[in-house]
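Asker: model the structure of this input:
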Amino acid sequence: MLLEPGSPSIPIEFIASGEDVSRLGAHAVRWVEARGWKPAQGSVLLVPDETGAIDRVLLGTGGSDWAEHEPMLTGALPGVLPAGDYRFVGDLPDPDLAALGFLKGCYRFTRYKCGGTGDVKRLVLPEGADRAHVLALAEAVYLGRDLINTPANDLGPAELEAVARDIAKTFGASIKVTEGSTLLADNFPMIHAVGRASDRAPRLIDLHWGSESAPKVTIVGKGICFDTGGSTNPATAMNLMKKDMGGAAAALSFAVMVMRTKLPVRLRVIIPAADNSVAGNAFRPGDVLPSRNGMTVEIGNTDAEGRLVLADALSLADEEAPDYLVTFATLTGAARVALGPDLPPFYATDEAFAEGMIKAASAVGDPVWRMPFWAPYDKMLKSSIADVNHISDGPFAGSVTAALFLKRFVKDAKRYAHLDIYGWVPRDQPGRPRGGEPHAARALYEYFRGELNA
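Answerer: From the prediction side, this is the model:
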């Protein structure tokens, strides 16, 4: 996907204004005028030579400060370019991001298509770009997207485990899996309760990598491989529920970034994997479930199963008091109502971590928006018969109350953060084709890369 510098290729020029157009030469200027092309952000124009072959490509940036507003702008190119080899011309604000944006835009999910697309676009490695780093991030993003895009009939808890095992083998990580009724014996009762109605056994995947003397970074990713909603979801609400393991996909995507680039951390990835299915032995509204940390939980809504499996996984993670504990989860519709599909709410107990994460997310075009662990709303989770209800008693602040519920299961971790991601891009965007997306994985990786000066 990345060619050596100097390879024969078609130039791509960044055009911020009409003044830039005027410097292109008479032939290109005439073509621009004939086509009525304007250098709006993300607009692309192919300029032919005298034979009709592509002489150059113009990418409109909408201004000289384009990298601040759309770091992934180069990802707009692959969707409109024909197959071929290309190179960027001129100085780039961030060569790594420019190359990564292009590679992210090249992604296509073709597993179920007959034959290949044959539509291969390659990029000459930009001057100053780190090939290994760019390819590591692209590999990890592609993995996350593939996992989310794969339908549930081919990606259940066992298949998710197999992917985690392959990753562990590739990078020399250790892995332990607790499955089926063993979850009860090992004190993960809520993971078992959520997954017991499916003939695909629930499980807890626990991966370790890195030096024990390094900072302990633990990631918990929600792995609900399909979510019927239990008692609540109509058929139309289940159309995208294959993506309810998007938190697990983001966690594994982050893990690959860390391990491929050898960040100096002790990494732990915990994935509670299950189907939320309907059957005679499914958990019900009004049930009271025990949890790993001893708290009893009243079930207010069977479609809020993700926070139940996360709670047991968080309790396990918290037992070793990691330096950083982070949850990725496609958790609430309320988050989408508040911030839409592209901007995940981000909750954090530590101010320095929060500020660093937001800065890193903005810098790499993987944005997050800080939301509060608003303590006064904790009373919305009150139960009259159990220690806590897992949903609030009204329609308000659904993402906040979900985060507050999770926080109850974190006592000893030095820093805790929660990302309420969507895991899906509903329409094509630069570097983000429609489909699965491991939101915030790159942002978190960039935070640790900066924090560790790696």
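Asker: the helices in this structure, which residues?
Answerer: All helices of the chain, identified by DSSP state H, fall at 18-22, 26-35, 66-69, 95-106, 131-149, 157-171, 182-185, 189-195, 246-260, 306-318, 333-339, 351-363, 398-407, 441-451.
Asker: deepest-packed of these, please.
Answerer: Across the helices of the chain, the average number of neighbours (mean count of other C-beta atoms under 10 Å) peaks for helix 246-260, which reaches a mean of 29. Yep, even glycine has a C-beta here, placed from its N, CA and C like the rest.
Asker: and that one, how far from the chain's centre?
Answerer: 8 Å (C-alpha atoms, centre = their mean, to the nearest Å).
Asker: same check on stretch 413-423?
Answerer: Using C-alpha atoms, centre = their mean, the offset of stretch 413-423 from its chain centre is 12 Å.
Asker: which parts of that stretch are buried?
Answerer: 413, 415-423 (16 or more other C-beta atoms under 10 Å).
Asker: quick check: the farthest pair among those residues?
Answerer: 413 and 422 (25.0 Å; C-beta to C-beta).
Asker: residue 424 contacts residue 341, correct?
Answerer: Yes. With contact defined as C-beta atoms under 8 Å, residue 424 counts as touching residue 341 (6.5 Å).
Asker: among those two, which residue is more densely surrounded?
Answerer: Using other C-beta atoms under 10 Å, the more surrounded residue of residue 424 and residue 341 is residue 424, with 21 against 16.
Asker: so which of the buried residues of stretch 413-423 sit within strands?
Answerer: Judged by DSSP state E, strands contain the following of the buried residues of stretch 413-423: 416-420.
Asker: coming back round to it: looking at the helices of the chain, spot the one closest to residue 79.
Answerer: Proximity to residue 79 (C-beta to C-beta) singles out helix 95-106 among the helices of the chain, at 6.2 Å.
Asker: tell me the contacts of the nearest residue to residue 94 once chain neighbours are set aside?
Answerer: Excluding its sequence neighbours, the residue lying closest to residue 94 (C-beta to C-beta, 6 or more residues apart in numbering) is residue 67, at 6.4 Å. Counting by C-beta atoms under 8 Å, 6 or more residues apart in numbering, residue 67 touches 73, 93-94, 97.
Asker: may I ask which two of these are separated the most?
Answerer: Farthest pair in the contacts of residue 67, by C-beta to C-beta: 73 and 94, 11.0 Å.
Asker: okay, the two: which has more neighbours?
Answerer: Per other C-beta under 10 Å, whichever of residue 73 and residue 94 has more neighbours is residue 73, with 26 against 17.
Asker: which residues does that one contact?
Answerer: Residue 73 neighbours (C-beta under 8 Å, 6+ apart): 41-42, 59, 61, 66-67, 101, 430-431.
Asker: how far away is it from residue 138?
Answerer: 16 Å (C-beta to C-beta, to the nearest Å).
Asker: what of residue 287?
Answerer: Taken as C-beta to C-beta, the span from residue 287 to residue 138 is 44 Å.
Asker: residue 426 now?
Answerer: 22 Å.
Asker: got it, and residue 21?
Answerer: Counting by C-beta to C-beta, the gap from residue 21 to residue 138 is 31 Å.
Asker: over to residue 304?
Answerer: Residue 304 is 34 Å from residue 138, by C-beta to C-beta.
Asker: next one: the top strand by length along the chain to chain centre, how far?
Answerer: Ranked by number of residues, the top strand in the chain under DSSP E is strand 266-276. Distance, stretch centre to chain centre, for strand 266-276: 15 Å (C-alpha atoms, centre = their mean).
Asker: sheet-wise, list the partners of that strand with their directions.
Answerer: When pairing is defined by DSSP bridges, strand 266-276 lines up against strand 203-209 (antiparallel), strand 216-221 (parallel), strand 223-227 (parallel).
Asker: mean confidence for that strand?
Answerer: Regarding strand 266-276, the rounded mean pLDDT is 98.
Asker: just the angle between it and helix 246-260, please?
Answerer: 160 degrees (axes from the mean of the first three to the mean of the last three C-alpha atoms, to 10 degrees).
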